[in-house]
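*Asks:* Give me a model of this one.
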Amino acid sequence: MLGLLAESDRLSEFAELVGAGALPGRERVVLLGGRLIREAVLQQNALSTMDSFCGGDKAVALVESVLSITTECQELVGAGVSVEVVEEFDFAPLVRVREETAPHDADGVRRRCAAVLSALRELQP
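*Replies:* Down below sits the predicted model:
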């Protein structure tokens, strides 16, 4: 996870200079993965009863989910799916799972990840 975040930060700085559209698909997916880690794992809402605390099992499931989805996105782009199509995909269910599952509901996170992966795989030509 830290490697993905570091690479995403490095690419973000470069993308500010040349624009994200100038980056190759693989690097654009790295940017997407960094954004998903920040939004789905690292941000927490202290006012939410479901999100003010996250148990270790749920945190691990969140990280694994983001990494699995990022890997799937890389595979899709490698298989010829346009990176623009991948970037336009609705990742909101993954981002919201943090707030929609109980603090120790790792299984709920895994089920949501499976649903997002299934929907992503439908993008294959």
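*Asks:* Leu42 versus Val81, what's the distance?
*Replies:* According to Cβ to Cβ, to the nearest Å, Val81 and Leu42 sit 27 Å apart. For the C-beta atoms, the positions are set from N, CA and C on the backbone; glycine is no exception.
*Asks:* Val85 too?
*Replies:* Applying Cβ to Cβ, one obtains 26 Å for the distance of Val85 from Leu42.
*Asks:* now the end-to-end length of stretch 47-64.
*Replies:* Here the two ends of stretch 47-64 are set 25 Å apart, with distance taken as Cα to Cα, to the nearest Å.
*Asks:* Any buried residues in that stretch, and which?
*Replies:* When burial is assessed from 16 or more other Cβ atoms under 10 Å, stretch 47-64 yields the following buried residues: Asp51, Cys54, Lys58, Ala61, Leu62, Val63.
*Asks:* What is the lowest-pLDDT residue among these?
*Replies:* Looking at the buried residues of stretch 47-64, model confidence by pLDDT dips furthest at Asp51: 65.
*Asks:* Switch the buried residues of stretch 47-64 over to a markdown table; also include distance to Glu7 and secondary structure.
*Replies:* Output for the buried residues of stretch 47-64, formatted as a markdown table (distance: Cβ to Cβ, whole Å; DSSP: H, G, I helix; E, B strand; the rest coil):
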| residue | distance to Glu7 | secondary structure |
| --- | --- | --- |
| Asp51 | 27 | coil |
| Cys54 | 24 | coil |
| Lys58 | 25 | helix |
| Ala61 | 23 | helix |
| Leu62 | 19 | helix |
| Val63 | 16 | helix |
